[in-house]
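> Sequence first, then the predicted structure:
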Amino acid sequence: MVRIIDKKSTGKTGRLLLLAKENEGVVVCANPQVMRDHAYRYGLTGIDYVSYEDYIAFLCGHPHELCINRKIFIDELDAFLALCSKEICGYTLSTF
């Protein structure tokens with residue numbers, strides 16, 4: 001698992017998009033259209049995007065053709081976790 005940890009506005013999302021492109025993965029994000037536009041500004045096309053809500057539904061058993069047998073790349077993990085459950089109040093993160 002690749003962890004991209006850095007300050008705001010340092011290119012984290014761009015690096016995540018490159019990884020998704022290289023691995024034919026799916027980017028899970030708050031707003032797929034905004035992320036697609038962001039990728040185009042980087043010159044990246046051919047990446048699939050799924051909203052946080054759609055990915056959570058997929059994890060709960062609702063089929064989503066873009067997520068089946070694909071590598072998943074989550075943009076802004078904190079925002080994703082907050083949407084998963086309002087009860088998540090903290091977590092640890094180990095770097096290697």
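Yep, that arrived. From a predicted model like this one, the values you see are computed outputs, not experimental measurements. Numbers count the residues shown, from 1 in each chain.

> tell me the strands in this protein, going along the chain?
26-29, 48-51, 72-74 (DSSP state E).

> got a list of contacts for stretch 22-32?
With contact meaning CB atoms under 8 Å, 6 or more residues apart in numbering, stretch 22-32 is reached by 16-17, 19-20, 35, 47-52, 55, 66-67, 70-76, 79-80. Yep, even glycine has a C-beta here, placed from its N, CA and C like the rest.

> Burial-wise, tell me which of the strands of the chain comes out on top.
Per-stretch averages of neighbours, counted by mean count of other CB atoms under 10 Å, single out strand 26-29 among the strands of the chain, with a mean of 25.

> which residue is nearest the centroid of the protein?
In the chain, the residue lying closest to the centroid (CA atoms, centre = their mean) is Ile74, at 2.1 Å.

> Need the pLDDT of the nearest residue to that one once chain neighbours are set aside.
Nearest residue to Ile74 in three dimensions, chain neighbours excluded: Val28, at 4.7 Å (CB to CB, 6 or more residues apart in numbering). Reported pLDDT at Val28 in the predicted model: 97.

> One more: the one 4 residues further on?
For Pro32, the pLDDT comes out at 98.

> the helices in the chain, which residues?
Per DSSP state H, the chain carries helices over the ranges 12-22, 32-41, 52-59, 77-84.

> For the longest one, which residues meet the burial criterion?
Applying a neighbour-count criterion of 16 or more other CB atoms under 10 Å, one finds Thr13, Leu16, Leu17, Leu18, Ala20, Lys21 buried in helix 12-22.
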